[in-house]
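Novice: Fold the following and give me the result.
(2 chains)
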Amino acid sequence: MRLELVRITLAEKRLEEARHHLLDTNWNQTAMPELATLGFLALQVGEALLDSQPSHALQALRLVAPRQTLIQEQRRRIAKLRQTIADRATLLSSQQSLWADFHRETMAAMQAQLQSLETSPDYAPTLNLRKALCFSRLERPLEAWILLESLSLAADPELSPVAHLEWISAARQLKAWNASAVIARKYIELYPERNDADQALYWIAQAQIDSQSYLQAIETLQALAARTSSLPLQSAAHYFVGFCHAQQNRHAEAIPSFSKAASLQPASALAAQAQLWIGISQFSQGNFPEAQKTLQAILEQSTWAFLHPEAQFRRIACLYADGQAQAALAQILSWLDTYPGHPREAEAHMLHGDLLRDSGKFESAIVAYSKVGDADRQLQFFALNSSIELQLQLDRSDDTLRQLEAYRHQEIPVAFAGPYYLLCATCLEASGKPEQAAGLLNAALAEFGDNPEAKGILPLIQRPGLRADSEIQAATEKQKQLDRQTLASRFQLAWAERLEKQDPAKAQALRLSLVSDYEQEALPPECLIAAGEALLAIGSLETSRYFERLLHAFPNSEYASIARTGKARYLASQGQTGEALAILETIDPAELPTERSAELLALLARLQLAADLPTTAKETYSQLLAQRQAPPKLKAEALLGIGRTHLATGETKRAYAYFQRVFTLYRGEQECVSKAYLHCIDILCQDSRYKDAETVCREFIAQTDLASQPTYRQAEARLADLQARSKDAALQDS
Amino acid sequence: MNRTSRNALGILATLAFYLLGTADTIHLENGDSVSGRLSGMQAGFVILEIDTHATRRIDPNQVAALEFDDQTDNLETTALRRSPFLGLLSKADERQLPNLLDSYLQQDRPLEALSYAKLWHPKINYEANRDRIALTLIHSSEAAGFHEEAAAHAQAWIDQHPVPEQSALPWAVLAKSNLDQGKPEAALWIALAPLAYAHGTETPERRTCQEIANEAYRQLGYEAGQPLRLPSLFENPLTFTDLLKMPLPQ
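Specialist: So this is what the prediction gives:
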């Protein structure tokens, strides 16, 4: 009866009723044919509920008995009938023939059903695939994985590819990007000709992007763009190639990819996103006028209204960066009025505050900073910091203390512990409470100093006037005794920094002792860097471990780029030029302090030259020259490097100009100057201008402070030959 | 001896045992039958006691079927009577052995169940009965506290039956073993397999698997609403074989 109810409600598409009759009470069905009927109906209900009610769908699918169970039950039914026939045969007389016919027919029907069951294909794979889909929709990817893995490997030509694609999905649900990429690669290996192999390639690329393997993702996406005929996939492939380049600060390469993505499907949302990224890349390149134009184009597209707030915000940032503060100020007010409650509202208030501050409107800036809110504690701190700087200028230190206290009521993020307490100390000192400031700093050190995740602790230790050198040394020993290794290592690093000028050897020894005196796991990022660089200076094989420890344990640290640079320097010193280059090319020089940024560029250029990439090296040297605060030594090296690249391509005049600039602008860089002189002599000789070559050579040799340079002695040796050639040339001319 | 004489002897023997109250019968391949009392196997031959003084030794290759006359005796008696003749028993007769082992388990006699299961498992003829005894090996060794042995039997079962259709017991035992060894990730994958393939009503073994899975989730630090991160899936580099969580289909 109940089965009939399910059948009728299902046939009349009254799905909810069918579900209720099927699932809301238990079934005790074990006998055939009801067991088979139940399975058939349950499968239909499960199919119908799969998308909308996966939990009930799974419940229904679990009511379907395995085929082997149906076969066993049918056999049992046949055996029972046989027994019945045997029992009745002894009792029947005149009606025997009727019963015999009935039993014969019944038996034949049941045997036919059994045979049908035995010869029909097993429905378990189809059933399991549906169960797997239920598990996926229920966010139970492990159970889905178990079913899908088995189905994928079963080599069923219809089911296995479908299961395999779903298996990739299950891995992505677990955010196991590498795993999903491996499964997707297997899919492409098994089914290279299927159209949905393109989708698998796309997922591989997504997996690589999510795991920040951008170079590999670019290769995969380029392969996808080349093979797919699907326009949306092509467009997406180019878009994400651009995205990968942008993530590696290769904005020059990113822009063409984004442009291609936009041109393939100009009316799509992806095109709008691509345009936005072009604007972001142009901004990152410092090309503010072009960035503004690009962002303005987005604002003029009414169909891209969903991006207008973002584009407008970034356009205002462009105006600010381009020095058009007044225009930016007007527009930020309009933005805040037009888009209240937008996710960027807090940043907009921050930007508004900065613009007002730069316009000298301090009171208004303070009000703007106060509107940043506490949804983003990092931004809130930056706003508080900027506001307090202004309030201290306005001599309102008491107000600042109240605000700092309010900030402390919510838990202080460990990352801002140092800067926060430094700010508090500054305000206390401004209020005439230096002892309280010192006490607060010590309390902060006690609370946060031993936490490797806490940032800005060294400045607390190094606060001018707080501790004498001897006190820092004593504190180091004390913290070691208390087994507060992280804090002890910070004190030791501060001690080394104090000794830098008066005893650099001892300072270096202290940094090296960070390696021997402490467990690596106890060292905070700043000490890992110091230890790594100390080891690099002595060419230790342990160097890389310390940089890698930082990158692994503190991937978001402000020292991450320095660690990568250090690792690249180590690899370069070991002759692993390719690996070093690969690392350096992912670092944005702007992320580093100025002196380190110039060193990065110099090293990068050297490696590019070594890798026979003269054009790229020249661009890198040009970037280095553009850095105003780069050390003269590196600028001289840059000029020398550019000169050499021109020399390699036979552009001797250009090369000569660069070499000349070395000894005219950077006379103090003896090694570079000497090399530059020799290059100039060689160029003049190549042009058979022996008289000029002799003149330059004499000029070089006259600077006896350069006598220790090897090139000086080479010049000396050549002078006689140049004199002779010069005379010969003069005779020929006359 | 001619056919008539053999038949006469058989009838006499049957009559004799009818008078005595027991009359097991050996049906031979040649159509003959011999009655007596099946007493066991000796040197590979079936021993049939014709009377108190006479026995017959019959080559098992000549035996078509054995018929026991002890249906009114208790299960232990009838099963143990049949046990020496494994390989010659009918499916129904052979079934009595796993039935006996089940009854031992219900009576909390796991050691006996385990001993007999180990003895009989290699010789069982019919697949359904063999599977039952294989499950008994797992159940009884676990109940007797021989957890490592139970895990070994469970693994052997899973190797033979990669899909958990019949019983969740092997997966429950193996998952528990992994959890006890501090391998929550392995325990989780194993425990979830019967739950993924589940059909019909819930069984105690499936409930056990669910409990083990819950504990494994807890040990892996999984909280509701957070993505689950399984260490093995985040290793670099991964090969396809590294990812397989189930034995490959046979």
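Novice: List, one by one, the residues from chain B near chain A.
Specialist: Applying CB under 8 Å from any CB of the partner chain, one finds that chain B approaches chain A through B:162-163, B:165, B:188-189, B:192-193, B:195-201, B:227-230, B:233-240, B:242-246, B:248-249. Bear in mind the C-beta positions are built from the backbone N, C-alpha and C, glycine included.
Novice: What subset of the residues you listed is buried?
Specialist: Among the residues of chain B next to chain A, those classed as buried by neighbour count (16 or more other CB atoms under 10 Å in any protein chain shown) are B:163, B:188-189, B:192-193, B:195-199, B:228, B:230, B:233, B:238, B:243, B:245-246.
Novice: Does the residue nearest the centre of chain A belong to a helix, a strand or coil?
Specialist: Central residue of chain A (CA atoms, centre = their mean): A:Gln212, 4.5 Å from the mean position. Classification of A:Gln212 by DSSP: H, G, I helix; E, B strand; the rest coil places it in coil.
Novice: so how far is chain B from the residue nearest to it when sequence neighbours are not counted?
Specialist: Using CB to CB, 6 or more residues apart in numbering or on different chains and skipping the chain neighbours, the partner closest in space to A:Gln212 is A:Gln247 (7.5 Å). To chain B, A:Gln247 is 19 Å away according to CB to the nearest CB, to the nearest Å.
Novice: Surely A:Gln247 is in contact with A:Tyr214?
Specialist: Yes. Contact criterion CB atoms under 8 Å: A:Gln247 and A:Tyr214 qualify, at 5.5 Å.
Novice: which one of these two has more residues nearby?
Specialist: Counting neighbours by other CB atoms under 10 Å in any protein chain shown for A:Gln247 and for A:Tyr214 shows that A:Tyr214 has the greater number, 20 against 14.
Novice: For the more buried one, which residues are in contact?
Specialist: By CB atoms under 8 Å, 6 or more residues apart in numbering or on different chains, A:Tyr214 lies in contact with A:Gln208, A:Cys244, A:His245, A:Gln247, A:Gln248, A:Thr586.
Novice: Need the pLDDT of it.
Specialist: You'll see A:Tyr214 listed with a pLDDT of 87.
Novice: do A:Leu392 as well
Specialist: For A:Leu392, the predicted pLDDT is 89.
Novice: how about stretch B:153-161 as CSV, C-alpha atoms only?
Specialist: C-alpha atoms of stretch B:153-161 as CSV (Å, rounded to 0.1, in the frame of the first residue of the first chain):
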residue,chain,number,x,y,z
HIS,B,153,42.3,-9.8,9.4
ALA,B,154,40.4,-6.7,8.6
GLN,B,155,43.0,-5.5,6.2
ALA,B,156,42.9,-8.9,4.5
TRP,B,157,39.2,-8.7,4.1
ILE,B,158,39.4,-5.2,2.7
ASP,B,159,42.0,-6.3,0.2
GLN,B,160,39.6,-9.0,-1.0
HIS,B,161,36.4,-6.8,-0.8
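Novice: That stretch: which residues count as buried?
Specialist: Buried-residue list, stretch B:153-161, by 16+ other CB under 10 Å: B:His153, B:Ala154, B:Gln155, B:Trp157, B:Ile158, B:His161.
Novice: got the residues of the stretch 1-150 of chain A near chain B?
Specialist: Close to chain B, as judged by CB under 8 Å from any CB, the stretch 1-150 of chain A has residues A:26, A:62-66, A:68, A:128, A:131-132, A:135, A:141-147, A:149-150.
Novice: State which strand of chain B is the longest.
Specialist: strand B:33-42 (DSSP state E).
Novice: Next, the buried residues of that one.
Specialist: In strand B:33-42, counting by 16+ other CB under 10 Å, buried: B:Ser33, B:Val34, B:Ser35, B:Gly36, B:Arg37, B:Leu38, B:Met41.
Novice: And the contacts of the very next helix or strand once past it?
Specialist: Sequence-wise, the next helix or strand downstream of strand B:33-42 (DSSP states H and E) is strand B:45-49. If you take CB under 8 Å, 6+ apart as the criterion, strand B:45-49 is touched by B:24, B:26, B:34, B:36-41, B:55-60, B:63, B:66, B:85, B:88.
Novice: tell me the angle of strand B:45-49 relative to strand B:33-42?
Specialist: Inter-element angle recorded for strand B:45-49 and strand B:33-42: 120 degrees (by axes from the mean of the first three to the mean of the last three CA atoms, to 10 degrees).
Novice: where's strand B:45-49 relative to the chain centroid, distance-wise?
Specialist: A distance of 26 Å separates the centroid of the chain from that of strand B:45-49, by CA atoms, centre = their mean, to the nearest Å.
Novice: and that strand, average pLDDT?
Specialist: Here the average pLDDT along strand B:45-49 is 91.
Novice: Adjacent strands (with direction) for that strand?
Specialist: strand B:33-42 (antiparallel), strand B:55-58 (antiparallel) (DSSP bridges).
Novice: Throw those into CSV and include mean pLDDT, thanks.
Specialist: Shown next, in CSV, are the strands paired with strand B:45-49 (pLDDT from 0 to 100):
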stretch, mean pLDDT
strand B:33-42, 89
strand B:55-58, 89
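Novice: want to throw the buried residues of stretch B:153-161 into a markdown table with pLDDT and secondary structure?
Specialist: Output for the buried residues of stretch B:153-161, formatted as a markdown table (pLDDT from 0 to 100; DSSP: H, G, I helix; E, B strand; the rest coil):
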| residue | pLDDT | secondary structure |
| --- | --- | --- |
| B:His153 | 96 | helix |
| B:Ala154 | 96 | helix |
| B:Gln155 | 94 | helix |
| B:Trp157 | 94 | helix |
| B:Ile158 | 93 | helix |
| B:His161 | 90 | coil |
